[in-house]
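Undergrad: Requesting a structural model of the entry that follows:
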Amino acid sequence: MSARLSFSQYRLEAELERCRGECQWDKIPGLVEQLASARIHEDDDYGTLLLAEALLEESLAENAAQLQSSTALEDHDQPKLSKAKDLLNSVLNRGKLQPRHMTEALVLLAKLHYVQGRYRDAQGMCARAGTEELASDGQPLYQVRLLAEAFVIKGLSLERQAMSAASRIRLSEREEECLSCYLRACDAELLYLQELDKVAGSSHGKSAKGGVPAPEFDLSFFQQAALQSAYLCLLRKGHVAQAAQQLRQVLRAVDTRASQGFRKAAARKLAEVLLSRVSEDSYWGPLTPPCPDWLEREGRPVPRDSCYSALRPPQQFSGDNLFCPQAAVEEAVLLLLIGESMANRDAVISRAPEQQESRSASLQDASSVYDLLTVAMARRGQYGMLSECLERAMKFSFNEFHLWYQLGLSLMACGKAAGAVSVLRECARMKPEDPTVPLLAAKVCIGQLHWLEEGEAFARTVLEMGDQAAEFLPRAHLAVGLCFSLQATDASLKDRRDDFNRRALESLQKAHALDPDDPQIAFYLALQLALVRQVSAAMEPLQKALSLRGDDLHSLHLLALLFSAQKHHQLALDTVSLALSQHPDSFSLLFTKVKLEEVLLGPEVALQTCEHMLQLWQSLYDGTRTSEGDDGSSVPEPAPLSRGASGLYLTLPDFQDPETGSQRAPSIAASRLEQAMSEMSAHSSMQRHGPARVWSTLEHIWLQAAELFVAQRRLREATQCVQEAGALWPLTHLISLIGELILSGYSSPLSSTAPLSRSLYNGVQSTARRDLSNQLQPHSQERVGLCLPGELPGWARSAFRLSAQTKSVLSNAGSGHLGEALQARGSSQAPDCFLMALELEASCPIVPFTVIPRQL
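TA: Next up is the predicted model:
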């Protein structure tokens, strides 16, 4: 009978220890009743201690929000807390507990004093309790939890006590003691959670096989404080290096089911520290000590060995060939990607009303992770990867404006303009009172997609807001004006073009009247006046724009074009030179400079500028590539070419005179070796990386050089330049038309000495037929009229007839060549073309005004 009673007592006490270890407080009262009925511990107050602990923990769980806000709990408002206090005081006054149970009672009373705001009493109880009994190895699991709570209560009590007229030495000692308590509490809590995971896994293994899941475990306030207080204290003191090391130490500990939420918060905090407080130059790896400069600034760290008591340290991940980050941003991105996967896993998708609080909490956690991901990936230009991460968040982001807006911005940055517009349209639906969203969508439609009608519609939604749009109203008028201006450029019929130009001018004038101090609005008003050939009137708003922002690239460029339209070519060249001194990498300005130098100084000097453009392109873009697997997500970084490694050169061609065997040298800029051209051709034929605009710029440089060579009657060099351009974009209409220009320089278009020209001649016919179906652009029509010899092919006659019907030629040269072609055919419309050419000659710039981009 006594053996049976002993076994029953052992089983009951083991169940009590398990429930205390797993914090199952609702089962404690029933087990205490079994203790009383079995007359176990009838000679002491152990049962009373258990009831007091259960009541205290239940009261703290019910008031978790007040504890987080550091609000003291009062006896009259908390009946469970008041009863627990009475029970603890009674058992301590009677003194019938065993020593280890007496230590537990003191820790519980210290916890009660702390939550009631009596920090000095809490510290005193912790000092009376001692930790040697709790810290000895082989103790029950719940005592490890009590040990962690005792350390964190002592540290928090020391930190919250006011010190009057305390010396600096005493204050430093208290801070060090607090930190030591926090470090011990963190290690003890990690060990407790690891042991709890093992016990829960073994005890619930059979029930899990039967389909019953293991119970969820939520960390209490003091357990969370034990894990977080150490690194938070270090961060408050400004000890960034020690805080980062503590966070890494915590994250290297073997994780458990109960610590998943904490690990997510710790990973986010470490990423935040790395992104905001650690530069790339001062970064140190997870397995290496911090830089001496960090430690010198922060002072002597608390040795971790001194923080360990008799309790063993928590288990940590270890192994061979582990990956170790090499940069702060790299480590931050890895941490945040782990946090993102955890946030997606824990996200609450249900829209049920009772899930509202949980859904808001999970969404807030996820939003903080994605905000940090945005900062980290933007530093590396990884916008494509960022957009993929944000797309995964859409499953729990219904009507959540912030995440949708972040997704729209990331799609814009990585070049997925159509997707960005769709997302921004949804954002505008969520927040119809915000004028910035439709304006941003209009910006994408105008600048990247050329969806002018959609852009106008977005801008008009802002106009409909009226005065509510406030300072964004002028920007909306600007967006509408730009849409009309671009539609005018695209229009084929003169009446429609004139109507769009009129409406564009009206909208831009409204914008300028609403905000006369906006330099961008003044600039685009001047550009629109220039486009309709009101050159003198364009000067006034342009001067206003330059007075507000004198170093603006496009304003200076427009000023140069206006000077050239007034035939002040030297002033225009001086203006371009001034602009290039401030914007030396602008290819648009350099192309204009080439045209002006050709007119003023001749093709020889212009070729020097072409060679400079080739060298500039080489230094900026040669080797342009994007990261694998993230196409279009990165902005190409300038990387100068290593000539020794690749042997590649970008130079203008120069050939030996076949008659004399000596090199021609009409231009110093063109005196380069022919061998470089074949090397560059091989390079150009390789797969190209990076944005198309980069390679399109190189193509235009070659074609510009070809035109200058043709002007010098150096047809072989011009042919070589066209070959280089053709290796980049084979048989585009520009290449074909320049090839036809070269062909017109030979005595016979079908001469056996010009096989390349014959192929280009065939190419120009096929591409021009394709362009005809799309209504040839004005510069294409002009060059066709310039380079076609003698009798016109049928497709050219159709092109000229279309131009005559639509009157879409916008340059005097194009109108003149069209008039010559019509006169050769005896057409009565030839005088109209000559008259148009004379009218346009007085206001024609050196290059079309449309080379200046029109973007919001």
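
Undergrad: buried residues in the helix or strand His512 falls within?
TA: Under the criterion of DSSP states H and E, His512 resides in helix 494-514. If you call a residue buried by 16 or more other CB atoms under 10 Å, then helix 494-514 has these buried ones: 497, 500-501, 503-505, 507-512, 514. Using the backbone N, CA and C atoms, a C-beta is placed for each residue, glycine as well.

Undergrad: what's the answer for stretch 545-557, then?
TA: Neighbour counts over stretch 545-557 (16+ other CB under 10 Å) mark Ala545, Leu546, Leu548, Asp552, Leu553, His554, Ser555, Leu556, His557 as buried.

Undergrad: possible to save the buried residues of helix 494-514 as CSV with pLDDT and distance to Ser422?
TA: Output for these, formatted as CSV (pLDDT from 0 to 100; distance: CB to CB, whole Å):
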residue, pLDDT, distance to Ser422
Arg497, 93, 31
Phe500, 96, 27
Asn501, 96, 31
Arg503, 96, 28
Ala504, 97, 27
Leu505, 96, 32
Ser507, 96, 26
Leu508, 96, 29
Gln509, 96, 33
Lys510, 95, 30
Ala511, 96, 27
His512, 96, 32
Leu514, 94, 30
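
Undergrad: Looking at these, which is nearest Ala343?
TA: Ala511 (43.2 Å; CB to CB).

Undergrad: give the contact list for the closest one.
TA: By CB atoms under 8 Å, 6 or more residues apart in numbering, the residues touching Ala511 are Pro474, Arg475, His477, Leu478, Gly481, Asp518, Ile521, Leu525.

Undergrad: what helix or strand does the fourth one sit in?
TA: Per DSSP H and E, Leu478 falls inside helix 473-490.

Undergrad: Going by neighbour count, list what's buried in that helix.
TA: So for helix 473-490, counting by 16+ other CB under 10 Å, buried means 473-489.

Undergrad: Distance of Gln260 relative to Ala343?
TA: 11 Å (CB to CB, to the nearest Å).

Undergrad: And those two? Which one has more around it.
TA: Taking other CB atoms under 10 Å, Gln260 and Ala343 do not tie; Ala343 has more neighbours (24 against 13).

Undergrad: What pLDDT is listed against the more buried one?
TA: For Ala343, the pLDDT comes out at 88.

Undergrad: Just to be sure, it is in a strand?
TA: No. The assignment for Ala343, made by DSSP: H, G, I helix; E, B strand; the rest coil, is helix rather than a strand.

Undergrad: what residues are up against it?
TA: Ala343 makes contact with Lys264, Ser362, Asp365, Ala366, Val369, according to CB under 8 Å, 6+ apart.

Undergrad: And the contacts of Ala511, which two are furthest apart?
TA: Of all pairs in those, the most separated under CB to CB is Arg475 and Leu525 at 13.5 Å.

Undergrad: All the strands of the stretch 501-650 of the chain, residue numbers only.
TA: In the stretch 501-650 of the chain, no strands are defined using DSSP state E, counting those that start in this stretch.

Undergrad: now the helices: where do they sit in it?
TA: 519-531, 535-548, 553-565, 569-582, 587-600, 603-621, 643-646 (DSSP state H, counting those that start in this stretch).

Undergrad: And the average pLDDT for the fourth one is what?
TA: Taken as a whole, helix 569-582 carries a mean pLDDT of 95.

Undergrad: For Gly30, grab the count of nearby residues.
TA: That count, for Gly30 with other CB under 10 Å as the rule, works out to 10.

Undergrad: Now do the helix or strand that contains it: distance to the chain's middle.
TA: Here Gly30, judged by DSSP H and E, is contained in helix 28-37. Distance of helix 28-37 from the chain centroid (CA atoms, centre = their mean, to the nearest Å) equals 59 Å.

Undergrad: Return the set of buried residues in that helix.
TA: Buried residues in helix 28-37 (16+ other CB under 10 Å): Ile28, Leu31, Val32, Leu35.

Undergrad: Over to stretch 74-94?
TA: Quick answer for stretch 74-94 (16+ other CB under 10 Å): Gln78, Lys80, Leu81, Ser82, Lys83, Ala84, Lys85, Leu87, Leu88, Val91, Leu92.

Undergrad: What number of residues are in the vicinity of Glu841?
TA: The number of residues packed near Glu841 is 14, by other CB under 10 Å.

Undergrad: before we move on, back to that, would JSON lines of the buried residues of helix 494-514 with distance to Met394 be doable?
TA: What follows is those, written out as JSON lines (distance: CB to CB, whole Å):
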{"residue": "Arg497", "distance to Met394": "43"}
{"residue": "Phe500", "distance to Met394": "38"}
{"residue": "Asn501", "distance to Met394": "42"}
{"residue": "Arg503", "distance to Met394": "38"}
{"residue": "Ala504", "distance to Met394": "38"}
{"residue": "Leu505", "distance to Met394": "42"}
{"residue": "Ser507", "distance to Met394": "36"}
{"residue": "Leu508", "distance to Met394": "38"}
{"residue": "Gln509", "distance to Met394": "42"}
{"residue": "Lys510", "distance to Met394": "38"}
{"residue": "Ala511", "distance to Met394": "36"}
{"residue": "His512", "distance to Met394": "41"}
{"residue": "Leu514", "distance to Met394": "37"}
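
Undergrad: hang on, the earlier thing: may I see the buried residues of stretch 74-94 organised as CSV, with pLDDT and secondary structure added?
TA: Formatted as CSV, those follow (pLDDT from 0 to 100; DSSP: H, G, I helix; E, B strand; the rest coil):
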residue, pLDDT, secondary structure
Gln78, 89, coil
Lys80, 91, helix
Leu81, 91, helix
Ser82, 92, helix
Lys83, 93, helix
Ala84, 92, helix
Lys85, 92, helix
Leu87, 92, helix
Leu88, 92, helix
Val91, 90, helix
Leu92, 89, helix
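
Undergrad: ok so, going back, TSV for the helices of the stretch 501-650 of the chain, including distance to Met102?
TA: What follows is the helices of the stretch 501-650 of the chain, written out as TSV (distance: least, CB to CB, whole Å):
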stretch	distance to Met102
helix 519-531	77
helix 535-548	79
helix 553-565	80
helix 569-582	81
helix 587-600	84
helix 603-621	77
helix 643-646	77
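
Undergrad: Among these, which comes closest to Phe849?
TA: helix 519-531 (4.9 Å).

Undergrad: Next, Ala253: phi, psi?
TA: Ala253 adopts backbone torsions of phi -70, psi 150, taken as degrees, to the nearest 10.

Undergrad: and which of the buried residues of helix 28-37 is nearest to Leu60?
TA: Ile28 (14.4 Å).

Undergrad: Contacts only, for the closest one.
TA: Leu16, Cys19, Arg20, Leu50, Leu51, Glu53, Ala54.

Undergrad: got a pLDDT number for Pro140?
TA: Value listed for Pro140 in the pLDDT field: 84.

Undergrad: so what's it up against?
TA: For Pro140, counting by CB under 8 Å, 6+ apart, the contacting residues are Glu17, Arg20, Gly21.

Undergrad: Backbone dihedrals for it, please?
TA: Per degrees, to the nearest 10, the backbone of Pro140 is at phi -60, psi 160.

Undergrad: hmm, back to that, and the contacts of Pro140, which of them are buried?
TA: Neighbour-count burial (16+ other CB under 10 Å) is assigned, among the contacts of Pro140, to Arg20, Gly21.

Undergrad: Name the helix or strand of the protein that has the lowest mean pLDDT.
TA: Least confident element among the helices and strands of the chain, by mean pLDDT, DSSP states H and E: helix 643-646 (a mean of 32).
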